[in-house]
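Visitor: Give the three-dimensional model of this entry:
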Amino acid sequence: MAAQRKTFNEINITPLTDIFLVLLIIMMVIAPLLDQQGLNLAVPNMIEVQEEIKDSKLIKVLVTDDNKYMLDDVEISVSNLADMIKEQAEINTDGLLIMTQDNATHGAVVKLMDEARNAGVTNISITEY
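Guide: Numbering: from 1, shown residues only. Take a look at the predicted model:
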C-alpha cells in the first residue's frame, strides 16, 4: 500500500511579521535623522521695495550670467573670493547679499555661499538682480 501524505495547506506568517517589525523599527530610528541635513532657508515673499536703506552694512556681490563675481562693480576672481569676503566682513557686519542674474548657475551661487560661510558670515540673503 502506498503511503498517503497529508498535504500542508497553511502558511506560517510569523517570520514575515518579524521581518516587517524589524524594518518598521529601523525606519522609526532613521527617519528623525534624515531631517537634520541641508540648509535652512527662509524664502521671502515678493514685495515691491520702495526705497533702499542707505546705511545698511551689507556685502553686495553680483553673480553674473557668465558666473563671474562682482563686488562694487569690480570683478573678483574665484581664487581671491574668500579673501575679499573676509576683508569685507570685517567692515560690513550685517551679512552678505547675493544678487544673481537670470542665467547664473547654482554652482556659482553655492560656491559664493560656501566661501562666505568659511569667512564667518552668518547672514546670507539671495535676490534676483
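Visitor: Name the helix or strand for the nearest residue to G107 once chain neighbours are set aside, please.
Guide: Nearest non-adjacent residue to G107, counting by Cβ to Cβ, 6 or more residues apart in numbering: N67, 7.6 Å away. In this view, the C-beta of every residue, glycine as well, is placed from N, C-alpha and C. Following DSSP states H and E, one finds N67 outside all helices and strands.
Visitor: so N67 makes contact with H106?
Guide: No: applying Cβ atoms under 8 Å as the test, N67 and H106 come out as separate, 10.3 Å apart.
Visitor: how close does the residue nearest to G107 sit to M84?
Guide: From N67 across to M84, the span is 16 Å (Cβ to Cβ, to the nearest Å).
Visitor: quick one on the thing from earlier: so which of N67 and H106 has more stuff around it?
Guide: Legend: neighbour count by other Cβ atoms under 10 Å for N67 and H106, higher for N67 (16 against 8).
Visitor: Quick check: the gap between the more buried one and F20.
Guide: 50 Å.
Visitor: rewinding a little: might you report the residue contacts of the residue nearest to G107?
Guide: 104-105, 107-108 (Cβ atoms under 8 Å, 6 or more residues apart in numbering).
Visitor: Of the residues you listed, which is the nearest to N12?
Guide: Distance to N12 across the contacts of N67 (Cβ to Cβ) is lowest for G107, with 54.9 Å.
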